[in-house]
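> how would this look folded up:
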Amino acid sequence: MNIHFIAIGGAAMHNLALALHHKGETVTGSDDTIFDPSKSRLEKYGLLPLEFGWFPEKITSDLDAVILGMHAKEDNPELLKALEIGLDIFSYPEYLYEQAKNKTRVVIGGSHGKTTITSMILHVMHYWEKEVDYMVGAQLEGFDTMVRLTEDADFMILEGDEYLSSPIDRRPKFHLYKPNIALLSGIAWDHINVFPTFENYVEQFQIFVDSMTNGGAMIYNTEDENVVKVVENATAHIKKYPYETPTYTIENGETLLDTPDGPMPIEVFGKHNLNNLAGAKWICQHMGVVEEEFYEAIATFSGASKRLEKIVQNNNTVIYKDFAHSPSKVSATTTAVKEQYMDRTLLACLELHTYSSLNPDFLSEYKGALDAADVAVVFYSPHALEIKKLAPITQEQIATAFKRDDLIIYTDPAAFKKFLFEYDVNNTAVLLMSSGNYGGLDFEEVKGLV
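Numbers count the residues shown, from 1 in each chain. Here you go, the predicted model:
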């Protein structure tokens, strides 16, 4: 097949392009700009556009499909040409469904934990050499791409994102997958720019649950009351399998998971990650991996990229970075690190970077999110507000929202970096939480703190 990508350079889009190329399809694409690692990975396989920009002449009747990325605009010249000549146009999730409609679709949904749970499942399958197709939101150790598509695999594991599908398809991505097996990890208001009320946001998860195939299996976190309500209100005829955080202990900075064969050391830590593990275990069992095999494999899982990723450590200092940005994720991650390193000072730094986190109406959701930290720092860039065309935010608004009198607030990248590099990290756990980079912080340079 001849497949053309409009906005091929995105993290998700370029991985789908690579997967289809590896499957043997003829892939072309366009974008107005492409950064690494997408750029070098596309170039390696001859898929990097010769020049950046939009070229309607690339859109011809010879194309079997056009895949439209979220980065493209509704008036994109290539999109308009494709519509004009009547080509089949797919959003990213639509095309994934087309590739998986004859497979058993396993979809991991929830406001938080999706990438980690999907990564855990894939790690277990990889460990036992079970061939599955997949789409995951982070680069995993031992996996070449974030998307794998084959003719032979029986299962397709999909990270079920609730964000919109494409510029011309405003449905959340996970509404399109029609899962046979699904998991719901938690519901905490996010993407306020798309879902203006919490009720509207929750509704998307109800639609997800109701989109399951008849007789499907729903694995759900009973510790989240919103999840429980959504699953209990399901109109689809599904089987329900609840899970909760398993029992564990922490000894000398090591987390031990209770198993039928006794305490087992694991590399991930924190209540939220143990909760994720319990959900992943249920999914793996539905995919034919027995409990004993799951425990053997999961013992070697070290985490998904950017999720509590250890940057550097020595005998008395450890530094982590984490993708956490929503209030629930920030709270869970901060609490996890403090619990793991009770005898150390926890310096937790959070960058407010997303549309939701920089919205004055949403800021109050962060109340108490950094309470587990001994020293709490919030960084945000007024320039980022200008770029996103959002209303200005004052430091007083930040302080009021977090409800913490000793909160340290920075708006200047250089000042934040000076604070971090002059801080005495002896006997300290440092946690850097952001989906950005604090206005240009070099994480390789951060290793020099230890």
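> Every contact and neighbour count from this point should use C-alpha atoms.
Will do.
> Break this protein down into its structural domains.
Segmentation of the chain into domains, based on automatic domain parsing, reads 2-87, 95-298, 309-449.
> Can I get the ones you listed in a markdown table including mean neighbour count and mean pLDDT?
Below are the domains of the chain laid out as a markdown table (neighbours: other Cα atoms under 10 Å; pLDDT from 0 to 100):
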| stretch | mean neighbour count | mean pLDDT |
| --- | --- | --- |
| domain 2-87 | 18 | 96 |
| domain 95-298 | 19 | 94 |
| domain 309-449 | 18 | 92 |
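> what ranges do the helices span in this structure?
Ranges of helices in the chain, per DSSP state H, are 11-23, 38-44, 77-85, 92-100, 114-127, 198-210, 225-232, 271-286, 291-298, 327-340, 382-387, 395-402, 413-422, 443-446.
> Minimum distance to Val147: which of these has it?
For Val147, the closest of these is helix 11-23, at 5.7 Å, according to Cα to Cα.
> which helices and strands does that closest one pack with?
Counting by 3 or more Cα pairs under 8 Å, 6 or more residues apart in numbering; DSSP states H and E, the packing neighbours recorded for helix 11-23 are strand 26-30, helix 38-44, strand 147-148.
> Let me know the angle separating that helix from strand 26-30.
Helix 11-23 runs at 160 degrees relative to strand 26-30, counting by axes from the mean of the first three to the mean of the last three Cα atoms, to 10 degrees.
> How far off centre is helix 11-23?
In terms of Cα atoms, centre = their mean, to the nearest Å, the centre of helix 11-23 is found 18 Å from the chain centre.
> Now tell me what touches it from outside.
Applying Cα atoms under 8 Å, 6 or more residues apart in numbering, the external contacts of helix 11-23 come out as 5, 7-8, 26-27, 38, 42, 45, 69, 92, 137, 145-150.
> Could you dump the helices and strands packed on helix 11-23 into TSV with distance to Ala429 added?
Output for the helices and strands packed on helix 11-23, formatted as TSV (distance: least, Cα to Cα, whole Å):
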stretch	distance to Ala429
strand 26-30	43
helix 38-44	32
strand 147-148	34
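> right, so of those, which gets closest to Ile108?
Distance to Ile108, taken as Cα to Cα, is lowest for strand 147-148 among those, at 14.8 Å.
> Check which strands are paired with the closest one and give the direction for each one.
strand 133-135 (antiparallel) (DSSP bridges).
> Please name whichever of the helices and strands packed on helix 11-23 is nearest to Val377.
Across those, Val377 has its closest neighbour in helix 38-44 (31.8 Å, Cα to Cα).
> Contacts for that closest one, please.
Applying Cα under 8 Å, 6+ apart, the external contacts of helix 38-44 come out as Gly9, Gly10, Ala11, His14, Leu18, Leu48.
> And the residue nearest the centre of the protein?
Among the residues of the chain, Thr115 comes closest to the average C-alpha position under Cα atoms, centre = their mean, at 4.6 Å.
> For stretch 92-101, output the C-alpha coordinates as PDB.
Output of stretch 92-101 as PDB, limited to C-alpha atoms (Å, rounded to 0.1, in the frame of the first residue of the first chain):
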ATOM      1  CA  TYR A  92      -3.600   8.100  14.000                       C
ATOM      2  CA  PRO A  93      -6.000   6.000  16.200                       C
ATOM      3  CA  GLU A  94      -8.300   5.200  13.300                       C
ATOM      4  CA  TYR A  95      -5.500   3.700  11.300                       C
ATOM      5  CA  LEU A  96      -4.300   1.700  14.400                       C
ATOM      6  CA  TYR A  97      -7.800   0.300  14.700                       C
ATOM      7  CA  GLU A  98      -7.800  -0.700  11.000                       C
ATOM      8  CA  GLN A  99      -4.500  -2.600  11.600                       C
ATOM      9  CA  ALA A 100      -6.000  -4.300  14.700                       C
ATOM     10  CA  LYS A 101      -9.600  -4.900  13.900                       C
END
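> Go ahead and name everything in contact with that stretch.
Residues contacting stretch 92-101 (Cα under 8 Å, 6+ apart): Met13, Ile67, Leu68, Gly69, Leu149, Met156, Ser165, Ser166, Lys173, Phe174, Leu176, Tyr177.
> re earlier: next, format the contacts of helix 38-44 as CSV and append distance to Leu385.
Output for the contacts of helix 38-44, formatted as CSV (distance: Cα to Cα, whole Å):
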residue, distance to Leu385
Gly9, 24
Gly10, 22
Ala11, 23
His14, 28
Leu18, 34
Leu48, 32
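> okay if I get the helices of the chain as TSV plus distance to Ile192?
Shown next, in TSV, are the helices of the chain (distance: least, Cα to Cα, whole Å):
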stretch	distance to Ile192
helix 11-23	22
helix 38-44	28
helix 77-85	27
helix 92-100	21
helix 114-127	19
helix 198-210	8
helix 225-232	17
helix 271-286	23
helix 291-298	35
helix 327-340	12
helix 382-387	15
helix 395-402	16
helix 413-422	26
helix 443-446	29
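> show me the contacts for Pro49.
Each residue near Pro49 by Cα under 8 Å, 6+ apart is listed here: Thr28, Gly29, Ser30, Asp31.
> Might you report the residue contacts of the second one?
Contact criterion Cα under 8 Å, 6+ apart gives His4, Phe5, Ile6, Ala7, Ile8, Leu47, Leu48, Pro49 as the residues in contact with Gly29.
> closest to Gly86 among these?
Among those, His4 lies closest to Gly86 (Cα to Cα), at 14.2 Å.
> Could you double-check that that closest one lies in contact with Glu25?
No: using Cα atoms under 8 Å, His4 is not in contact with Glu25, being 10.4 Å away.
> Can you give the strand pairings for the longest strand anywhere in the chain, parallel or anti for each?
Secondary structure assigned by DSSP state E gives strand 345-352 as the longest strand of the chain. Applying DSSP bridges, strand 345-352 is found paired with strand 375-380 (parallel), strand 428-433 (parallel).
> quick one: contacts of that strand?
In contact with strand 345-352 (Cα under 8 Å, 6+ apart) are residues 325, 330, 334, 337-338, 358, 370, 373-380, 427-438.
> which residue sits closest to Val268, ignoring its sequence neighbours?
Distances taken as Cα to Cα, 6 or more residues apart in numbering put Ser302 closest to Val268, at 5.9 Å, once the chain neighbours are dropped.
> re the thing from before, closest one to Phe55 among the helices of the chain?
helix 77-85 (6.2 Å).
> if we can go back for a sec, number of nearby residues for the residue nearest to Val268?
Neighbours of Ser302 under the rule other Cα atoms under 10 Å: 19.
> Just confirm it contacts Glu267, I think it does.
Yes: taking contacts as Cα under 8 Å, Ser302 lies within contact range of Glu267: 5.2 Å.
> just to revisit the earlier point, and the strands paired with strand 345-352: which comes nearest Glu296?
Per Cα to Cα, nearest to Glu296 of those: strand 428-433, 29.0 Å.
> The closest one to helix 413-422, inter-axis angle?
Per the same axes, to 10 degrees, the angle that strand 428-433 makes with helix 413-422 is 160 degrees.
> and the angle for strand 428-433 with helix 327-340?
Orientation check (the same axes, to 10 degrees): strand 428-433 against helix 327-340 gives 160 degrees.
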